[in-house]
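In: predicted model, plus sequence, below.
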Amino acid sequence: MPGGNAVMAESNSFKNTLIVRAVSGAVLVGVMLSVLWLGGWWWQCFAAAVALGSLGEFYRMYSPSSMLACTAGFVCSALILFSPGTFLQNGFGEIFGACCFIAYFSELYRRQIKGVSDSVKNVMPVVTGLSYTAVPWYCMIQLRRLPYVGYGAVLAIFLCTWSCDVMAYLTGSRWGSKKVCPHISPNKSLEGFIGGFAASLLCGTVCALWMGFSPLAFILTGAVCGTVGQLGDLVESLIKRECGVKDSGKIIPGHGGFLDRFDSVLVNGLCVWLIWWVILQ
């Protein structure tokens, strides 16, 4: 029966995709947790590689026409990510300013040589991409450098994010009925959002008991990852819808690009860095 063969082929394709997704996800998590445990240059290089790869995906989606502007974005991102730094990096604003002006200078060149320019289209994505990808990973590099608690602080970000994602999916699949953003992500439900928040908050509380250092910071980490992390997922969906793409990239089999895999982690890393910065003042 042709119909039966089609259904069987579709079922086999789904199983193969699921296997590929599971294997690639397990490898990625294993590598990430290993370098996070090692810390130092291992974690910095891993975080920088993911950040720069994410930046490349962001630029490909928005397609700025100025190569000089994009190069400035990559160089400035590398300066931030590979800086020795302290918990609060000096010169942060200056790097952003330099990137912005180089991007505008490239538009001056294009206007003078080619007679065309589009500074709004080219400059804003370049600077925004730096903020969206490099800065959060820089924050997680700096968090890992904290004595005694650095490993636990970054690990809590991922554990809370993963627990939120899993529970939001399970809760939404079972009880989801009230859609929160149907024009951006039709499958997201209020029930799933609440389930994800509860799981993340519980995970943050468990981390607080396990780590034994500044329980407030870990509980706030759980609360933040359960709220803004889910919004961060919607932000990436919004970007892809506006750019007309399904996935940000193809580097992770079964998952898509770096931005597809770490969309929630970006905003979570930035917000958790702010939590620790306030607590340690």
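Out: Done, it's in. Note that this is a predicted model, so its numbers are computed, not measured. Residues are numbered from 1 along each chain as shown.
In: now stretch 119-138 - C-alpha only, PDB.
Out: The C-alpha trace of stretch 119-138 is given here as PDB (Å, rounded to 0.1, in the frame of the first residue of the first chain):
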ATOM      1  CA  SER A 119      24.100  52.400   7.300                       C
ATOM      2  CA  VAL A 120      20.900  51.500   9.100                       C
ATOM      3  CA  LYS A 121      20.800  48.000   7.500                       C
ATOM      4  CA  ASN A 122      24.500  47.300   8.000                       C
ATOM      5  CA  VAL A 123      25.600  49.000  11.200                       C
ATOM      6  CA  MET A 124      22.800  48.000  13.500                       C
ATOM      7  CA  PRO A 125      23.000  44.200  12.900                       C
ATOM      8  CA  VAL A 126      26.800  44.300  13.300                       C
ATOM      9  CA  VAL A 127      26.700  46.000  16.800                       C
ATOM     10  CA  THR A 128      23.500  44.200  17.900                       C
ATOM     11  CA  GLY A 129      25.100  40.800  16.900                       C
ATOM     12  CA  LEU A 130      28.100  41.600  19.200                       C
ATOM     13  CA  SER A 131      25.700  42.400  22.100                       C
ATOM     14  CA  TYR A 132      23.500  39.400  21.400                       C
ATOM     15  CA  THR A 133      26.200  36.700  21.100                       C
ATOM     16  CA  ALA A 134      29.600  37.800  22.400                       C
ATOM     17  CA  VAL A 135      28.600  39.700  25.600                       C
ATOM     18  CA  PRO A 136      26.600  36.800  27.200                       C
ATOM     19  CA  TRP A 137      29.400  34.300  26.600                       C
ATOM     20  CA  TYR A 138      31.900  36.800  27.900                       C
END
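In: ok, residues contacting that stretch?
Out: Identification of contacts with stretch 119-138 by Cβ atoms under 8 Å, 6 or more residues apart in numbering yields 47-48, 50-52, 54-55, 58-59, 62, 64-66, 69-70, 72-73, 76-77, 80-81, 83, 85, 89, 96, 99-100, 103-104, 106-107, 259, 265-270, 273. All C-beta atoms are positioned from the backbone trio N, CA, C, and that covers glycine.
In: how about stretch 39-55?
Out: By Cβ under 8 Å, 6+ apart, stretch 39-55 touches 31-32, 35-36, 73-74, 77-78, 81-82, 129-130, 132-134, 136-138, 140-141, 144-145, 150-151, 154, 248-249, 251, 257-259, 262, 266.
In: take these and keep only those in helices.
Out: 31-32, 35-36, 73-74, 77-78, 81, 129, 136-138, 140-141, 144, 150-151, 154, 258-259, 262, 266 (DSSP state H).
In: now which of the contacts of stretch 119-138 would you call buried?
Out: Buried subset of the contacts of stretch 119-138 (neighbour count, 16 or more other Cβ atoms under 10 Å): 47-48, 50-52, 54-55, 58-59, 62, 64, 66, 69-70, 72-73, 76-77, 80-81, 83, 85, 89, 96, 99-100, 103-104, 106-107, 259, 265-270, 273.
In: so of those residues, which ones are in helices?
Out: Filtering the buried ones among the contacts of stretch 119-138 for helices - DSSP H - leaves 47-48, 50-52, 54-55, 58-59, 62, 69-70, 72-73, 76-77, 80-81, 96, 99-100, 103-104, 106-107, 259, 265-270, 273.
In: stretch 70-78 - what's its average pLDDT?
Out: The pLDDT scores in stretch 70-78 average 89.
In: no no, stretch 207-218
Out: According to the model, stretch 207-218 has a mean pLDDT of 85.
In: report the distance from it to the chain centre.
Out: Stretch 207-218 sits 24 Å away from the centroid of its parent chain (Cα atoms, centre = their mean, to the nearest Å).
In: mind giving me the domain ranges of the protein?
Out: 36-145, 149-281 (automatic domain parsing).
In: could you pull up phi and psi at G176?
Out: Backbone torsions for G176, taken as degrees, to the nearest 10, come to phi -60, psi 130.
In: neighbours of the nearest residue to I194 once chain neighbours are set aside, how many?
Out: Leaving aside its chain neighbours, I194 sits nearest to T171 (7.2 Å; criterion: Cβ to Cβ, 6 or more residues apart in numbering). Residues within reach of T171, counting by other Cβ atoms under 10 Å, total 21.
In: please indicate which of the contacts of stretch 39-55 are buried?
Out: 32, 35-36, 73-74, 77, 81, 129-130, 132-134, 136-138, 140-141, 144-145, 150-151, 154, 248-249, 251, 257-259, 262, 266.
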